[in-house]
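Asker: Take this sequence and fold it.
(chains A and B)
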2 protein chains.
Amino acid sequence: MIIASRKEVAQLAGVSEATVSRVLNGVGPIKEETKRRVLEAADRLGYTPSALARSFARRRSGNLGVVMPYLPKARIFSAYYFSEILSGIGSKALESKHDLLMLFREPGGSMDYLNLFRTQKVDACIILGARDDEGERAAIKQLSEADRPYCLINQYFDGEAFHVMDADHVDGSYQAVHHLIGQGFRQIAFLNGPPQYSNSRDRLKGYTRALNEAGIKPDESLLFEGNFSRKSGYAAAELIAGKLDRIEAVFAANDRMAIGLQQGLRALGIAEERMPAFVGYDDSEAAELCTPPLTSVRVPFYELGCLAAEHVLRLLDDSDSPDGSGSSAALHRQLPTRLVVRASSLHRNQ
Amino acid sequence: MIIASRKEVAQLAGVSEATVSRVLNGVGPIKEETKRRVLEAADRLGYTPSALARSFARRRSGNLGVVMPYLPKARIFSAYYFSEILSGIGSKALESKHDLLMLFREPGGSMDYLNLFRTQKVDACIILGARDDEGERAAIKQLSEADRPYCLINQYFDGEAFHVMDADHVDGSYQAVHHLIGQGFRQIAFLNGPPQYSNSRDRLKGYTRALNEAGIKPDESLLFEGNFSRKSGYAAAELIAGKLDRIEAVFAANDRMAIGLQQGLRALGIAEERMPAFVGYDDSEAAELCTPPLTSVRVPFYELGCLAAEHVLRLLDDSDSPDGSGSSAALHRQLPTRLVVRASSLHRNQ
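Answerer: Model prediction:
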């Protein structure tokens, strides 16, 4: 096939060669009518879509976008979860010579992800802290249909084939509760995160599976909800303290809430010998350092960040190649999680 | 004064009105010669610099840049120092509806900061982890002379009037060593960071001042250097273990090195009763959680981030106003630091 020249496209469209370049490079203000004429001429002359794609592709921001959740007062970069994931993403950004653009969600509203690409703020983007609601789902669907390079971390949407890099939270939670049952505990409370996160729903599945397997009937009055902050764990102490005659152990959906809950119980005057056993989640640095050291589920957050970044960079490369046109199959990968046993979860009489 | 129209500027420069717009909005590739003609014509017709400035100013990226140090293997976002500062910057970015662009330094080389503005990657920028060397100094000087909105955090350059948001590390270190002397220790080792950082040099000043004040002659053989990583603290254990007959206490320039050093000494088989007293620096979460809890110097990192962001956003606003033309006095602010005493630094016989 003979590739038409810019000159021919310009002649057919009745514009200057410079205008052809400006349209194809997306530079400067250009009338919609002119743009349409140029694109039609390019199309008719076999100035191929892949050539167009390459031409557009050259206009890169050099930015890898990372969408962060809206957390009003939290020190978001100080949370183990985000800091590890960002370190992973950052290491790949550095390797691939991209800069990281952190985009903060507005409170309440969802973000127009596709617009980040249209306005060339990012070349690819990784989405953290997405919640399963209609606005979020629709925004990601747009990205997906436009075949832009994106990846969700730690969140999937039932019924949607989105690119997702996840960890096995069903199994992680199963391991945690199975271990507590093995220590002789049967009344196991669960301080979970909000159900809008698929990882919260997965944890509940793992918790329930371990109980069922041991012939323990799950007790709804032992289910509590926090928002992953230490404060929400601290606040849950009030509710849990009132049920300590029944609760032998607590499984918390992250270490921060577990530590907050312990602090809350101590602040309420609960003696150490009345403290339930504890298992946290994330295996943050704090788990190892606190007293007693906290049993926790290790999640490879750093690797999740690395792999998600590698994935979007690969999608970006593919979109650049001549035959890369919207055919990339959605990825849903789950990395394994692993229980790390420390003193907090051991039965005192063993 | 009558403001000339775009048409008049175009006529005088001998170009189209569209070209005038493109030059003034900095859009698209334009010949240097054309640009010069347009700017001269604008100048001669009293198409005022402030109008130009406003015209340029409208073209914003919406990005607040944060320059990060090059740390090859470290999980940079996981370091308390960076995560707290970034949380502070992030909170102000959110408030002012800016996105955060993280820019990673290349190993060795210094960054062309001014180019970040010229290429409209950022509207303002905050520089973390700058080292005092010629390349860095020259790059910041360019920013400063071009009067771009920037601010350094925790690093100043002797003899230069740069915008700096800092903490009082002379006083913080003085407090740490003064406290150790008050506990009866006289042989106080100091594990400092690299001298290319002004905060390392400041800490040495505080350390020396406290010793001198107590009539203790500083002993060069008790000075050690790490790079702020836990690993470098761990590595220093080898050297320090050999001098434990003389060393009664250690002051470390951050908590990570202090904790790494303790771990290194334990790994070498040093018994707890032979352990020196310890004071760390930063007052990270780990200080409170580790065993024994670590006395440390609290640095308001989160506030440093907030204030640096507020400062550059104010400079950005000023550059937007008609009379804002390169007259902003350099800021060098030092926030107070404060010793937090815990068990690690107390004399066992007291």
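
Asker: and residue A:343, what is it in contact with?
Answerer: Residues near residue A:343 by Cβ atoms under 8 Å, 6 or more residues apart in numbering or on different chains: A:292, A:293, A:295. C-beta: built from backbone N, CA, C; applies to glycine.

Asker: make it 10 Å
Answerer: A:277, A:278, A:291, A:292, A:293, A:294, A:295 (Cβ atoms under 10 Å, 6 or more residues apart in numbering or on different chains).

Asker: With distance to chain B, pLDDT and secondary structure added, can I get those residues in TSV?
Answerer: Output for the contacts of residue A:343, formatted as TSV (distance: Cβ to the nearest Cβ, whole Å; pLDDT from 0 to 100; DSSP: H, G, I helix; E, B strand; the rest coil):
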residue	distance to chain B	pLDDT	secondary structure
A:277	19	98	strand
A:278	15	98	strand
A:291	7	83	coil
A:292	11	90	coil
A:293	9	92	coil
A:294	10	96	coil
A:295	16	98	strand
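
Asker: Please dump these into CSV; it should also carry neighbour count for every row.
Answerer: CSV is the format used below for those (neighbours: other Cβ atoms under 10 Å in any protein chain shown):
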residue, neighbour count
A:277, 23
A:278, 27
A:291, 12
A:292, 15
A:293, 18
A:294, 27
A:295, 26
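
Asker: Of all pairs in the residues you listed, which one is the farthest apart?
Answerer: Pairwise distances across the contacts of residue A:343 (Cβ to Cβ) peak at 14.5 Å, for the pair A:277 and A:291.

Asker: With adjacent residues omitted, what lies nearest to the residue in the stretch 151-300 of chain A that chain B sits nearest to?
Answerer: Residue nearest to chain B within the stretch 151-300 of chain A: residue A:289 (3.6 Å; Cβ to the nearest Cβ). Nearest non-adjacent residue to residue A:289, counting by Cβ to Cβ, 6 or more residues apart in numbering or on different chains: residue B:289, 3.6 Å away.

Asker: residues touching the residue of the stretch 151-300 of chain A closest to chain B, list them.
Answerer: Residue A:289 makes contacts with A:259, B:259, B:285, B:286, B:287, B:288, B:289, B:290, B:291, B:293, as judged by Cβ under 10 Å, 6+ apart.

Asker: swap in residue A:337?
Answerer: Taking Cβ under 10 Å, 6+ apart, one finds A:167-176, A:206, A:281-283, A:297-300 in contact with residue A:337.

Asker: Following element in sequence after the lowest-mean-pLDDT helix or strand in chain A, please.
Answerer: Least confident helix or strand of chain A, by mean pLDDT, DSSP states H and E, is helix A:49-57 with a mean of 43. For helix A:49-57, the following helix or strand on the C-terminal side (DSSP states H and E) is strand A:63-68.

Asker: between that following strand and strand B:63-68, how many degrees?
Answerer: Here strand A:63-68 runs at an angle of 100 degrees relative to strand B:63-68 (axes from the mean of the first three to the mean of the last three Cα atoms, to 10 degrees).

Asker: Sheet-wise, list the partners of strand A:63-68 with their directions.
Answerer: Next to strand A:63-68 in the sheet, as set by DSSP bridges, lie strand A:99-104 (parallel), strand A:124-127 (parallel).

Asker: And the average pLDDT for it is what?
Answerer: Across strand A:63-68, the average pLDDT comes to 94.

Asker: What is the subsequent helix or strand relative to it?
Answerer: helix A:80-95.

Asker: Tell me how far that next one lies from the chain's centre.
Answerer: Chain-centre distance of helix A:80-95: 12 Å, with Cα atoms, centre = their mean, to the nearest Å.

Asker: which of the residues in that helix are buried?
Answerer: By 16 or more other Cβ atoms under 10 Å in any protein chain shown, the buried positions in helix A:80-95 come out as A:80-94.

Asker: try stretch A:11-30
Answerer: Buried residues in stretch A:11-30 (16+ other Cβ under 10 Å): A:12, A:13, A:15, A:19, A:20, A:21, A:22, A:23, A:24, A:28.

Asker: Counting only helices, which of the residues you listed make the cut?
Answerer: A:12, A:13, A:19, A:20, A:21, A:22, A:23, A:24 (DSSP state H).

Asker: Check what pLDDT the third one gets.
Answerer: Listed pLDDT for residue A:19 reads 85.

Asker: Quickly note the distance from it to residue B:33.
Answerer: Here residue A:19 is placed at a distance of 21 Å from residue B:33 (Cβ to Cβ, to the nearest Å).

Asker: Over to the second one?
Answerer: With the distance defined as Cβ to Cβ, residue A:13 ends up 28 Å from residue B:33.

Asker: Ok, the fifth one next?
Answerer: Separation of residue A:21 from residue B:33 (Cβ to Cβ): 19 Å.

Asker: ranges for the strands of chain A?
Answerer: Along chain A, counting by DSSP state E, strands occupy A:63-68, A:99-104, A:124-127, A:150-153, A:164-167, A:188-192, A:223-225, A:249-252, A:277-279, A:296-298, A:332-335, A:338-340.

Asker: Contacts for the last one next, please.
Answerer: Contact partners of strand A:338-340, identified using Cβ under 10 Å, 6+ apart, comprise A:168, A:171-179, A:279-281, A:283, A:287-288, A:293-300, A:345.

Asker: Quick one: distance of that strand to the chain centre.
Answerer: With Cα atoms, centre = their mean as the basis, strand A:338-340 stands 21 Å off its chain's centre.

Asker: neighbouring strands for that strand, and are they parallel or not?
Answerer: When DSSP bridges is applied, strand A:338-340 pairs with strand A:296-298 (antiparallel).

Asker: now what about the strand it pairs with, what contacts it?
Answerer: Everything outside strand A:296-298 that qualifies as a contact, by Cβ under 10 Å, 6+ apart, is A:167-169, A:171-176, A:179, A:203, A:206, A:251-255, A:258, A:278-284, A:286-288, A:336-342, A:344-345.

Asker: Residues of the stretch 251-350 of chain A that sit close to chain B?
Answerer: Within the stretch 251-350 of chain A, the positions lying close to chain B (Cβ under 10 Å from any Cβ of the partner chain) are A:259, A:284-291, A:293, A:301-302, A:305.

Asker: Need the max-distance pair from these.
Answerer: Across those (Cβ to Cβ), the longest gap, 29.8 Å, separates A:291 and A:305.
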